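**Student:** 3D, please:
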Amino acid sequence: GGGAVLAGPWMVSASIALPTGHPLLGETLAGSYRWLGEVHAGALGQMGVPARALPPQEIAGANAALRIRSVGWACFGALSPWEVVAADGRKLVGLAQRRKQAGVLLVAGTLVGATDWGLLCEVMGHPEDEAVLRRRTVAAAELAGGPIAPEAFATVLTRLLDSALGSSVPSPAIPLASRRAS
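**Tutor:** Residues are numbered from 1 along each chain as shown. Presented below is the predicted three-dimensional model:
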């Protein structure tokens, strides 16, 4: 699920597979994201980046504060419940999920560095949306006032995900993208 994403050295992604009925999945589709957004906001905070998970009731206000249109075809072109934003509402972390009978795959992407929005817009045939994506998003490095090593962020994020999931797998022995939770 979710909109188009351009992965690159500017992004740290995480994929978490949970069985159907897992307590972290919450009672609603949007509620499934709450814990994941909060973990990401916590990891960013530990890296000196002020950020918060956006509650559903605040999305309209955050969109109004940005004073720019949404770009529905791109993950980072709109806000969804519990995605992680800066104080001004610009998006730092995008969330998506895929549900199947056996379980749910939750996916998150964190913008740790400057993103090549021009390339994504060109590939997707929407060059007119580049300026909007630049204004709707912010990289963690910009908010921190300097570079954030993707590996350092991934280590902090892995530790917090392990804690949230109750995992006993030592960090970062298994790459974040291949972890499975039960």
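**Student:** CA atoms of the lowest-mean-pLDDT helix or strand in the chain as PDB?
**Tutor:** In the chain, the helix or strand scored least confidently by mean pLDDT, DSSP states H and E is helix 59-66, which has a mean of 91. Presented in PDB, the C-alpha positions along helix 59-66 are these (Å, rounded to 0.1, in the frame of the first residue of the first chain):
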ATOM      1  CA  ILE A  59      -4.200  16.200   9.800                       C
ATOM      2  CA  ALA A  60      -6.500  18.800   8.400                       C
ATOM      3  CA  GLY A  61      -4.900  21.500  10.500                       C
ATOM      4  CA  ALA A  62      -1.400  20.400   9.500                       C
ATOM      5  CA  ASN A  63      -2.400  20.500   5.800                       C
ATOM      6  CA  ALA A  64      -3.900  23.900   6.200                       C
ATOM      7  CA  ALA A  65      -0.700  25.200   8.000                       C
ATOM      8  CA  LEU A  66       1.400  24.000   5.000                       C
END
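**Student:** Report the buried residues of it.
**Tutor:** By neighbour count with 16 or more other CB atoms under 10 Å, helix 59-66 contains the buried residues I59, A62, N63, L66. The C-beta positions use only the backbone N, C-alpha and C, and glycine is treated the same way.
**Student:** where do the strands sit along the chain?
**Tutor:** 11-19, 52-53, 84-85, 91-100, 103-111 (DSSP state E).
**Student:** Report all helices and strands that the longest helix along the chain contacts.
**Tutor:** Across the chain, the longest stretch assigned as helix under DSSP state H is helix 150-165. Helix 150-165 sits against strand 11-19, helix 34-46, with contacts defined as 3 or more CB pairs under 8 Å, 6 or more residues apart in numbering; DSSP states H and E.
**Student:** any idea how far R134 is from G118?
**Tutor:** Remark: distance between R134 and G118 (CB to CB, to the nearest Å) = 9 Å.
**Student:** Can you report how many residues lie near V104?
**Tutor:** 19 (other CB atoms under 10 Å).
**Student:** and the gap between it and A7?
**Tutor:** In terms of CB to CB, V104 sits 21 Å off from A7.
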